[in-house]
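1. following is a predicted model, sequence given first.
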Amino acid sequence: MKTMLVVGVAILSAALGYAAPRDVSRPAPDLELTEAKLLDDVHCDDCQTKGSAIFDLGELRSEKAVIPLMDVLHRDGDEFSRIVAALALCRIGDARGTYAVKRAATFDRSDKVRTVAAWFYNTYVKEGSFEFEPAQPAMASKN
């Protein structure tokens, strides 16, 4: 019985790949190609593709993305793209990008972008840079 259990565990381990050595010869994904594709997608007309690319560049902490993301933050007409660019720039942490987010928190044409950019700056760059007022409770309508 004990022998059968040992043989069963050995067979199961081999089937699951635990007994076989790992193949370390496979190359890691080419991050430069991924980064280049994401940088191209920053200029895409599809907002979802653009937003995903911007977010991913922030997650990769791509130094190459700082200038294109600053351009999105300053010039893009879509609030969502500007908000995601602010997050990505804060995540990257480059001084040029974080300064651009700080300026957007003060001067962006959208209240929403200004507020979220300030929150990202407080969260990722320097806590206490911007003050927020507590939300006021909604007034109950009387009918």
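-> Thanks, I have the structure now. Numbering: from 1, shown residues only.
2. so where do the helices sit in this protein?
-> Secondary structure of the chain (DSSP state H): helices at 2-16, 31-41, 47-60, 66-75, 79-92, 95-107, 111-120.
3. how about CSV for the ones you listed, with mean pLDDT, distance to residue 126 and mean neighbour count added?
-> For every residue, glycine as well, the C-beta is placed using N, CA and C. Converted to CSV, the helices of the chain look like this (pLDDT from 0 to 100; distance: least, C-beta to C-beta, whole Å; neighbours: other C-beta atoms under 10 Å):
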stretch, mean pLDDT, distance to residue 126, mean neighbour count
helix 2-16, 44, 49, 10
helix 31-41, 92, 27, 14
helix 47-60, 95, 18, 19
helix 66-75, 98, 18, 19
helix 79-92, 97, 10, 24
helix 95-107, 97, 8, 18
helix 111-120, 96, 11, 18
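4. reformat those helices as CSV; add distance to residue 128.
-> Compiled in CSV, those are given as follows (distance: least, C-beta to C-beta, whole Å):
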stretch, distance to residue 128
helix 2-16, 51
helix 31-41, 32
helix 47-60, 22
helix 66-75, 22
helix 79-92, 15
helix 95-107, 13
helix 111-120, 11
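5. closest to residue 131 out of the ones you listed?
-> Smallest distance to residue 131 across the helices of the chain (C-beta to C-beta): 8.9 Å, for helix 111-120.
6. hmm, who's touching the closest one?
-> Residues outside helix 111-120 that contact it (C-beta atoms under 8 Å, 6 or more residues apart in numbering) are 79, 82-83, 86-87, 90, 101-102, 104-108, 129-130, 132.
7. before I go, just wanted to say thanks for your time.
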